[in-house]
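Q: need a 3D model of the sequence below.
(one chain, ligands or ions: 3)
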Amino acid sequence: MEIHHIAEKNSILNKFIAEIRDVNIQKDSLRFRRNIERIGEVLGYELSKKLSYSGVYVKTPLGKKKIQLSYNDVVLCSILRAGLPLHQGLLNYFDDAENAFISAYRHHPKNDNKFEIVVEYFASPSIDNKTLLLADPMLATGQSLVAVYEAIKKYGIPKEIHIVAVIGSKEGVDFIKNYFPENTKLWIATIDDKLNDKGYIVPGLGDAGDLAYGTKL
Ligand SMILES: O=P(O)(O)OC[C@H]1O[C@H](OP(=O)(O)OP(=O)(O)O)[C@H](O)[C@@H]1O
Ligand SMILES: O=c1cc[nH]c(=O)[nH]1
Ligand SMILES: [Mg+2]
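A: Ligands and ions are numbered 1, 2, ... in the order given. This next block holds a predicted model:
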């Protein structure tokens, strides 16, 4: 897996990451969602550099100009709930992508810290031979991404996969490497060192779904 850790180089992206982490600023859910969306735009721009391009003539009022345009058939698949604002950010740039949505949540059968991932809702076009963008802001243990990848296989075999995430843990990044095809690319804004005993990223940002959409029962 090719890992692109975007915040390793300083850019305006750092401001968006600082705001979603900041315990006070993150309380503004409108700003939180918009910052995740902005990060999606930045990551989408970065990954667009690795797509396939061919020259297309564009007619202007005064002549014509050959421009390199990407010709990939992109399917943008996001994991509910927290994936929604990231999805919107990517869709702002890949505006003619097809779209897929999948639900994944942590089920605690014994009410302790051990959980399994339950994948229930799935709406997807065929992903066969297409460029799959798999978006989820948090890559904690990596189990949600792997469960989703297993579930999506019945919709076809993608030509290539780009995973898009905002904050990951080192452990989660190492875990998913074993499950995705070798040519998969991970576009991740930033990576933290630790997970706590509940599988939350430390320092991370807390619960991305709750921060974007409120607490659930
Ligand atoms: O890498 P993992 O250990 O699998 O954890 C990451 C998952 O946790 C979050 O979703 P969550 O289960 O909180 O659902 P939500 O988006 O509805 O809040 C996040 O959006 C990922 O899907
Ligand atoms: O740190 C984490 C881990 C899982 N889900 C989140 O929203 N945050
Ligand atoms: Mg959550």
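Q: which residues touch residue 116?
A: 106-107, 109, 143 (CB atoms under 8 Å, 6 or more residues apart in numbering). In this view, the C-beta of every residue, glycine as well, is placed from N, C-alpha and C.
Q: of the residues you listed, closest to residue 67?
A: residue 143 (41.7 Å; CB to CB).
Q: which strands and helices sit next to the helix or strand containing residue 46?
A: Assigned by DSSP states H and E, residue 46 falls within helix 29-48. Judged by 3 or more CB pairs under 8 Å, 6 or more residues apart in numbering; DSSP states H and E, helix 29-48 is in contact with helix 13-21, helix 83-93, strand 131-135, strand 160-169, strand 185-192, helix 208-213.
Q: contact partners of the helix or strand that that helix is followed by?
A: Going down the chain from helix 29-48, the next helix or strand is strand 53-60, by DSSP H and E. For strand 53-60, the external contacting residues (CB under 8 Å, 6+ apart) are 64-71.
Q: in strands, which of these appear?
A: Among those, the members found in strands (DSSP state E) are 64-70.
Q: tell me the most packed of those, by neighbour count.
A: Highest neighbour count within these: residue 70, with 14 neighbours (other CB atoms under 10 Å).
Q: need phi/psi at the residue lying closest to that residue once chain neighbours are set aside.
A: Once flanking residues are discounted, residue 70 sits nearest to residue 51: 4.0 Å by CB to CB, 6 or more residues apart in numbering. Dihedral pair for residue 51: phi -80, psi -180, per degrees, to the nearest 10.
Q: need the residues of this structure near ligand 3, please.
A: Applying CB under 5 Å from the ion, we find that the chain lies next to ligand 3 at 207, 209.
Q: quick check, central residue of the chain?
A: Among the residues of the chain, residue 135 comes closest to the average C-alpha position under CA atoms, centre = their mean, at 2.4 Å.
Q: any figure for the gap between it and residue 95?
A: 15 Å (CB to CB, to the nearest Å).
Q: do the same with residue 136
A: Applying CB to CB to residue 136 and residue 95 gives a distance of 21 Å.
Q: so these two - more neighbours on which side?
A: When neighbours are counted by other CB under 10 Å, residue 136 and residue 95 differ, and residue 136 comes out ahead with 25 against 7.
Q: for residue 167, give its distance to residue 46.
A: In terms of CB to CB, residue 167 sits 16 Å off from residue 46.
Q: okay, the two: which has more neighbours?
A: residue 167 (24 against 18).
Q: the more buried one reaches residue 193, doesn't it?
A: No - counting by CB atoms under 8 Å, residue 167 sits too far from residue 193 to count as a contact (11.6 Å).
Q: flag every residue of this protein that's near ligand 1.
A: With CB under 6 Å from any ligand atom as the criterion, the chain comes near ligand 1 at residues 79, 81-82, 104-106, 117, 136-144, 172, 199, 207-209.
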